[in-house]
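Enquirer: A predicted structure for the sequence below; I have some questions about it.
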Amino acid sequence: MHRWDVTPREAVAIQRELATKVRQEPLTAAIKTIAAADCAFIGKNRIVAAAVLCDARTLKQIECAYVHQSLAFPYVPGLLSFREAPAVIEAVRQLSAADLLMIDGQGIAHPRGLGIACHVGLWLDMPTIGVAKSRLCGTHRNPAAARGRKCNLMYDGKPVGVVLRTQDNVKPLYVSPGHRVTMNDCVRYVLRAARKYRLPEPSRLAHHLVTMRKKQLVQESG
């Protein structure tokens, strides 16, 4: 789709071009498996990504995969997918085919409409949802305290995501479409998968796995 060894200026141009290719369309096929991906950094120069595949009905883990590689792009706000997406894509590719992918980060709730969930979704041509713990852009009201309550996340005069309460009296998540899903799809599947905790279970597992893998790699490196 494009090279990853680009300058920040080139990355911005790529984001603007790719944002025009992102599609919001209803999920039509049965969702039998849900994957999730998360990443962590080791020092300033290395990244580890974890991907997990879960049964969509039971949310039990089916398989997982890890990728550990050097970073090739500097830290630039708004361009984080150029640091994280290569490792995330490789980790997801090691899994059996998933029907839906949740990524720790933004979807279209991004200043140029191309967060990591969009970027990865376009690269892999699969339905993706951005599930973020914090806001990157936009404004919103605070949703009521009960599970399932939500408010639109607005940016540049239009809704780009949903501020969603996944459990009673816990901080909401910032949920936004990545690629080949609608806003309603995002809310429905995030709530279905967030049965006990703030994070959807696949995302929670991916976060746990990448944290453990990072700890292991740090110990092995001395």
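Expert: The structure has been received and is ready for your questions.

Enquirer: can we go C-alpha only for contacts and neighbour counts from here?
Expert: Noted.

Enquirer: L164 and G148 touch, don't they?
Expert: Yes: using C-alpha atoms under 8 Å, L164 is in contact with G148, at 6.6 Å.

Enquirer: more neighbours: which of these two?
Expert: Remark: of L164 and G148, L164 carries more neighbours, 28 against 18, as counted by other C-alpha atoms under 10 Å.

Enquirer: quick check: closest non-adjacent residue to the more buried one.
Expert: Closest residue to L164 apart from its sequence neighbours, by C-alpha to C-alpha, 6 or more residues apart in numbering: K150 at 4.5 Å.

Enquirer: pull the CA atoms of the strand or helix carrying Y66 into CSV?
Expert: If you go by DSSP states H and E, Y66 is part of strand 61-70. The C-alpha trace of strand 61-70 is given here as CSV (Å, rounded to 0.1, in the frame of the first residue of the first chain):
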residue,chain,number,x,y,z
GLN,A,61,-8.8,-17.2,23.7
ILE,A,62,-8.1,-19.4,20.7
GLU,A,63,-4.6,-18.4,19.8
CYS,A,64,-2.1,-15.5,20.2
ALA,A,65,0.9,-14.2,18.4
TYR,A,66,3.8,-11.8,19.1
VAL,A,67,6.1,-9.6,17.1
HIS,A,68,9.2,-7.9,18.3
GLN,A,69,11.1,-5.5,16.1
SER,A,70,13.1,-2.3,15.9
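
Enquirer: can you state the direction angle for the helix or strand following it and strand 61-70?
Expert: Next in sequence after strand 61-70, counting helices and strands by DSSP H and E, comes helix 81-93. Angular relation of helix 81-93 and strand 61-70 on a 0 to 180 degree scale: 140 degrees, by axes from the mean of the first three to the mean of the last three C-alpha atoms, to 10 degrees.

Enquirer: who's in contact with F82?
Expert: Counting by C-alpha atoms under 8 Å, 6 or more residues apart in numbering, F82 touches 4, 11, 73.

Enquirer: the second one reaches L79, doesn't it?
Expert: Yes: using C-alpha under 8 Å, A11 is in contact with L79, at 7.2 Å.

Enquirer: show me where the chain has its helices.
Expert: 8-19, 81-93, 116-124, 183-193, 201-220 (DSSP state H).

Enquirer: would you list those helices in a markdown table and tack on mean pLDDT and distance to V52?
Expert: Compiled in a markdown table, those are given as follows (pLDDT from 0 to 100; distance: least, C-alpha to C-alpha, whole Å):
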| stretch | mean pLDDT | distance to V52 |
| --- | --- | --- |
| helix 8-19 | 98 | 26 |
| helix 81-93 | 97 | 8 |
| helix 116-124 | 98 | 15 |
| helix 183-193 | 98 | 14 |
| helix 201-220 | 96 | 6 |
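
Enquirer: return the most buried member of those.
Expert: Most buried of those, by mean neighbour count (mean count of other C-alpha atoms under 10 Å): helix 116-124, with a mean of 25.

Enquirer: got the contact list for it?
Expert: Against helix 116-124 from outside (C-alpha under 8 Å, 6+ apart): 1, 18-19, 21-22, 80-81, 84-85, 88-89, 102-108, 127-130, 177-180.

Enquirer: now it against helix 8-19, angle please.
Expert: Using the same axes, to 10 degrees: helix 116-124 against helix 8-19 is 70 degrees.

Enquirer: tell me what the strand holding Y66 is packed against?
Expert: strand 46-55, helix 81-93, helix 201-220 (3 or more C-alpha pairs under 8 Å, 6 or more residues apart in numbering; DSSP states H and E).
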